[in-house]
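Colleague: Generate a structure from the sequence data that follows.
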Amino acid sequence: MNHWKMHVADSKEEAIEEHEQLTDLIQIYSNGLGHNGQVGTAAVLFHAGQIPRMLHYYLGKEDEHTIFEAEEVGLLLAAHLLAIERDPTFPISISVNNQVSILADLFCSRMHKIACEYDNFNVTLHWVLHHLGVHGNKEVDKHAKQAATSCKNNSPNNHLPKFLHKKPLPLSILAIQQAQHKSTAKHWSHSWHNSP
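Modeller: Coordinates of the predicted model:
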């Protein structure tokens with residue numbers, strides 16, 4: 001049976017220990033973040049003995065896109081790196097720092113499609129605390145920050161999943177609502193402090 005599984009360590013110490021003991025020849029890391037008011041995401045694939053491969057994508061401003069959205073896109077970049085890997089060696093680990101995004105429909109659908117291509121498919125998603133000091137996590141954070149600076153830092157279109165070829169992504173209603181709420185609160189506070 002083709003499948004992928006998720007593993008969440010019970011503590012920070014256990015997560016560090018488990019990560020240090022990973023022996024998978026292919027390890028993929030993804031992250032989405034906000035940096036200086038901008039939102040970007042990246043995924044990095046480490047294959048033992050080979051040069052790391054990475055994908056970057058700039059989503060836009062924080063008042064138009066959420067970090068959660070960036071995390072989801074990052075996971076889709078990770079799945080895309082797995083999908084285009086030639087002769088992948090299983091088991092494979094994908095490490096993320098957002099548990100909720102793992103359950104996103106697009107990601108689950110993409111992973112199922114990839115799993116159907118291999119009889120020996122064996123992928124585990126690991127939750128890695130953001131500041132564990134894990135090399136792969138540090139590397140993907142660096143690339144996500146780079147992605148968050150400008151769309152000029154995007155990976156070439158022919159390297160990205162097709163849904164990212166159309167630019168830009170639709171605006172996030174939640175991000176717009178949060179920005180409006182923040183603006184309203186700021187305006188109210190200013191009016192309150194300047195009232196007689």
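Colleague: Would you check that residue 19 makes contact with residue 134?
Modeller: Yes: between residue 19 and residue 134 a contact is recorded at 5.4 Å, counting by C-beta atoms under 8 Å. In short, each C-beta sits where N, CA and C put it, glycine included.
Colleague: Name the residues contacting each of those two.
Modeller: Residues within reach of residue 19 and of residue 134 at once, by C-beta atoms under 8 Å, 6 or more residues apart in numbering, are 95, 128.
Colleague: low-confidence ranges in this structure?
Modeller: The model of the chain has pLDDT under 70 over residues 1-3, 99-104, 130-132, 167, 169-192, 195.
Colleague: where along it do the strands fall?
Modeller: In the chain, the strands defined using DSSP state E lie at 4-7, 26-35, 38-47, 53-61, 92-96, 123-127.
Colleague: Nearest to residue 138 among the ones you listed would be which one?
Modeller: strand 26-35 (9.1 Å; C-beta to C-beta).
Colleague: Given the closest one, what are its sheet partners and their directions?
Modeller: Each strand paired with strand 26-35, and its direction, by DSSP bridges: strand 38-47 (antiparallel), strand 92-96 (parallel).
Colleague: Which residue is the nearest non-sequential neighbour of residue 168?
Modeller: Of all residues not flanking residue 168 in the chain, residue 60 sits nearest, at 5.9 Å (C-beta to C-beta, 6 or more residues apart in numbering).
Colleague: same thing with residue 82?
Modeller: Using C-beta to C-beta, 6+ apart, the nearest residue to residue 82 is residue 114, at 5.9 Å.
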